[in-house]
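1. Show me how the following folds:
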Amino acid sequence: MRCFEAGFIGLIMVGVAMPVAAASPSAHAQRMESLGYQRYEGAWRTSQEISLMKQADTLTAGQVAARQQLERLRRDLDKPATAEQAAEQIRGMHDPLAVPALSQAIQAEPLARARLLYVEALAHIGTADAVGTLLSLALDHPDREVRWQATEQLEQAPSAQVVPPLVAALAGPHNDRINRAAAVLGRVGDRSAIEPLIRALVTTHVVVTDPGTGGQTSATFTPGGGGLTLGGGPKTSTVSAQNRQVLEALTALTEVNYSWDQASWQAWWRGQQLSPETDLRRSP
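-> Model (predicted):
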């Protein structure tokens, strides 16, 4: 009987003591809370960390929802009954969180019509991220139609977002990219690009030729100067390239034409700097 009573009393004591122990924070927890930390997702974090994590979660959820919407519209695009409405909805997308989904879809999409719709959607969104994606498409996408569609859409983009990266591309080592950048600049119509275009009118590259098996050769273009290297190994030689799209952009922006004569272009440009009537802003 005494043993039963002792056990019963012990159970009562444990039942009373356990909630008290659970409700009492540890010394470590008290110290962390006093320092401004909160328990969040299994770790002690500052309120700033928690806020950033919640923002990241919201961003991810929004991007997932935008991707799912685009996937649904893409399926509707294949259905005759819903194709026209789906195309209009894609063109009219305005959610900035859809930019990553559109960018990925353009790269993976086999249907040309859908790719062009995605480009229009990026232009309609018009954020800095969307403009940056359009620039990448205009310069680097393998589909010529996508490049031209992106070029056309960039005409309405703010010059401050468009011109600096295009001018940087003019100084690159690849002629195809130089010409694509020039094509966009000619359409954008910002006269601040004239001097960089003059510099890119005729570009010099070093061609590295490495004899292969069977007498085949391969060539690599790199920026800079150099001369012909003789010997049995790889050979380098300097070549000049006339960039047609650069010339077309220059004539469109200036309404003069000195052909491939860079010296004449530079002399004309210096004269423009001395003229008080010169307006370097975007042409009306």
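2. make it CA atoms for all contacts and neighbour counts henceforth
-> Will do.
3. hang on, residue 209 in a strand?
-> Yes - Residue 209 sits within a strand when classified using DSSP: H, G, I helix; E, B strand; the rest coil.
4. how close does it sit to residue 175?
-> 18 Å (C-alpha to C-alpha, to the nearest Å).
5. Isn't residue 251 up against residue 257?
-> Yes - using C-alpha atoms under 8 Å, residue 251 is in contact with residue 257, at 5.5 Å.
6. pLDDT of the host helix or strand of residue 51, averaged?
-> Per DSSP states H and E: residue 51 is located in helix 47-77. Regarding helix 47-77, the rounded mean pLDDT is 89.
7. Give the residue spans of this structure that score low on pLDDT.
-> For the chain, the stretches flagged by pLDDT under 70 are 1-25, 210-233, 275-284.
8. got the domain boundaries for it?
-> Domain ranges of the chain: 61-157, 158-200+245-284, 202-242, per automatic domain parsing.
9. More neighbours: which of residue 209 and residue 175?
-> Comparing residue 209 with residue 175 by other C-alpha atoms under 10 Å, the one with more neighbours is residue 175, at 22 against 18.
10. That one - nearest residue in space that isn't next to it in sequence?
-> The spatial neighbour of residue 175 that comes closest, neighbours along the chain excluded (C-alpha to C-alpha, 6 or more residues apart in numbering), is residue 243 at 7.1 Å.
11. Ramachandran angles for the one you found?
-> Backbone torsions for residue 243, taken as degrees, to the nearest 10, come to phi -100, psi 100.
12. pretty sure it contacts residue 177?
-> No - counting by C-alpha under 8 Å, residue 243 stays clear of residue 177, with 10.3 Å between them.
13. where do the helices sit along the stretch 151-284 of the chain?
-> According to DSSP state H, counting those that start in this stretch, the stretch 151-284 of the chain carries its helices in the segments 159-170, 175-188, 194-199, 244-254, 262-274.
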